[in-house]
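Novice: Got a predicted structure here, sequence first:
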Amino acid sequence: MTYLLILNDPPYGTERTYNGLRLAGSLGKQPDTAVKVFLIGDAAATAKAGQKLPSGFYNLERMISAVVRQGGAVGVCGSCMDARGLTDGELVDGAHRSSMDELTRWTVSADRVLVF
């Protein structure tokens, strides 16, 4: 089964992005499951590499890396990146600049689409 998770909220300040990535990581551990995560709007900043957080605080950069290590795909809305001054070189390894066309293809091919 293929799952597409679309995350909209900023990386920190609410817990929707955190919970969406928690679910993506858990789904990625299931057999015969493919996971794709699309970061749109303020969630685009979630894929910025080099996040430094207080000890004991969850780190979304590490959570994205875990999804990628499990074979998941992480796309970041390109126009949302541009609006926030985020460049391709600043993305977490394994995340990539994406587009509405790719989100459309991922949506059409997914068995389940979950929006956070």
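Specialist: The structure has been received and is ready for your questions. Numbers count the residues shown, from 1 in each chain.
Novice: what about Thr14, which SS state?
Specialist: Following DSSP: H, G, I helix; E, B strand; the rest coil, we place Thr14 in the coil state.
Novice: where's it relative to Glu61, distance?
Specialist: From Thr14 across to Glu61, the span is 17 Å (C-beta to C-beta, to the nearest Å). (C-beta placed from N, C-alpha, C; glycine too.)
Novice: of the two, who's got more company?
Specialist: Neighbours of Thr14 and Glu61, each counted by other C-beta atoms under 10 Å, are more numerous for Glu61; the result is 20 against 13.
Novice: ok, for Ala49, nearest residue in space, not its chain neighbours?
Specialist: Setting aside the residues directly before and after it, Ala49 is nearest to Val92 in space (C-beta to C-beta, 6 or more residues apart in numbering), at 4.9 Å.
Novice: In a helix, Gln51, correct?
Specialist: No - counting by three-state DSSP, Gln51 is not part of a helix but coil.
Novice: from what I can see it touches Met63, true?
Specialist: No - assessed by C-beta atoms under 8 Å, Gln51 is found out of contact with Met63, at 10.3 Å.
Novice: hey, where'd the helices end up in the chain?
Specialist: Taking DSSP state H, the helices of the chain run over residues 16-28, 60-69, 78-83, 100-109.
Novice: Can you lay out those helices as TSV showing distance to Leu39?
Specialist: Shown next, in TSV, are the helices of the chain (distance: least, C-beta to C-beta, whole Å):
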stretch	distance to Leu39
helix 16-28	8
helix 60-69	9
helix 78-83	8
helix 100-109	10
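Novice: How much space separates the residue nearest the centre of the chain from Glu102?
Specialist: Central residue of the chain (C-alpha atoms, centre = their mean): Val37, 4.3 Å from the mean position. Computed as C-beta to C-beta, the Val37 to Glu102 distance reads 12 Å.
Novice: so what's in contact with these two at the same time?
Specialist: Gly75 (C-beta atoms under 8 Å, 6 or more residues apart in numbering).
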